[in-house]
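Participant: sequence unknown, structure follows:
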């Protein structure tokens, strides 16, 4: 008996769940030669708003976890990615027309990036914080705290999985939650990554992944009053100056477009933090 193929339906990832776009729209994902691979959800303005609501609801829980705990959770993502390594290799070979060795290198580098950022989760505060000298019987301490909800346009040129990980992970390290627009033409690895997140210890809403057109979704995220930061890493082909202007209306912190994939760095962690300075009196005993 001939068995029917069960094609995978690629949905959005919002609030720890996998809804279809509220608009009901989809678009075809093809190889670079035009061969059909799958249908992916085409996210709308309403989907973006729903993702921001989910991200905001998750801020207190995720930012309230200790740095050590967040590091454990991020490391768990790397473990799960390692277990599904071959699936991601196959998806990258199909969507980006990579050789097996090139796809394997990208997956391995993405796993290594999760491990690298996981290691910083309980250490970046010591590097970015300060004990400030003051004249008087006081301690004056500055420590970085998460900004809140970060909206991200993932790199769109190449390296769909590695580019996505390279912008999500540093925002998560310090306790931010994210809404990210995945690689438009190669979104399959992004949705498979969301399945990894859903089965890891990442709380629902901490990461929200939208597929579709960055040109359609990014303006609504840039102008959304409940978004605290805007990462335009993959927006070099968009009217990104207009996005910066829209973000300025609500005083968002903005990171501009980058060429290629952002390399792991402590700067990418610290850029999504706010510095809190407190005073403590010294003991008189």
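Facilitator: Ah, there it is. Treat the numbers as computed from the prediction; the structure is a model and nothing was measured. Numbers count the residues shown, from 1 in each chain.
Participant: where does the nearest residue to residue 156 once chain neighbours are set aside sit: helix, strand or coil?
Facilitator: Spatial nearest neighbour of residue 156, chain neighbours left out: residue 234 (4.4 Å); criterion: CB to CB, 6 or more residues apart in numbering. In this view, the C-beta of every residue, glycine as well, is placed from N, C-alpha and C. In the three-state summary, residue 234 is assigned as coil, counting by DSSP: H, G, I helix; E, B strand; the rest coil.
Participant: how about the strands in the chain?
Facilitator: Here the chain has its strands, by DSSP state E, at 26-30, 36-41, 130-132, 138-146, 149-153, 177-181, 207-210, 229-231, 253-255, 273-281.
Participant: need those in TSV with mean neighbour count and distance to residue 92, can you?
Facilitator: Shown next, in TSV, are these (neighbours: other CB atoms under 10 Å; distance: least, CB to CB, whole Å):
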stretch	mean neighbour count	distance to residue 92
strand 26-30	16	13
strand 36-41	19	12
strand 130-132	11	42
strand 138-146	15	31
strand 149-153	29	20
strand 177-181	28	18
strand 207-210	28	17
strand 229-231	26	22
strand 253-255	18	25
strand 273-281	12	32
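Participant: the ones you listed: which one's closest to residue 64?
Facilitator: strand 138-146 (9.9 Å; CB to CB).
Participant: pull the distance from that closest one to the chain's centre.
Facilitator: When distances are taken as CA atoms, centre = their mean, to the nearest Å, strand 138-146 is centred 26 Å away from the chain's centroid.
Participant: tell me what it is packed against?
Facilitator: Strand 138-146 sits against helix 45-64, helix 124-128, strand 130-132, strand 273-281, with contacts defined as 3 or more CB pairs under 8 Å, 6 or more residues apart in numbering; DSSP states H and E.
Participant: partners of that strand in the sheet?
Facilitator: strand 130-132 (antiparallel), strand 273-281 (antiparallel) (DSSP bridges).
Participant: run the angle between that strand and strand 177-181 for me.
Facilitator: 30 degrees (axes from the mean of the first three to the mean of the last three CA atoms, to 10 degrees).
Participant: other residues contacting strand 138-146?
Facilitator: 59, 63, 124-125, 128-134, 174-176, 270, 272-282 (CB atoms under 8 Å, 6 or more residues apart in numbering).
Participant: middle-most residue in the protein, spatially?
Facilitator: Taking CA atoms, centre = their mean, the centroid of the chain lies closest to residue 168, which sits 2.4 Å from it.
Participant: from residue 129, how far out is that one?
Facilitator: Separation of residue 168 from residue 129 (CB to CB, to the nearest Å): 24 Å.
Participant: and if you look at residue 183?
Facilitator: 35 Å.
Participant: those two: who's more crowded?
Facilitator: residue 183 (25 against 16; other CB atoms under 10 Å).
Participant: about what we covered before: which stretch among the strands of the chain comes nearest residue 115?
Facilitator: So among these, strand 207-210 is nearest, using CB to CB, at 17.3 Å.
Participant: what is the rounded mean pLDDT of stretch 41-56?
Facilitator: When pLDDT is averaged along stretch 41-56, the result is 97.
Participant: which residues are contacting it?
Facilitator: Outside stretch 41-56, the residues that reach it (CB under 8 Å, 6+ apart) are 10-12, 14-16, 19-23, 25-27, 148-149, 151, 177-179, 181, 204-206, 208, 210-213, 216-217, 220-221, 224, 226-227.
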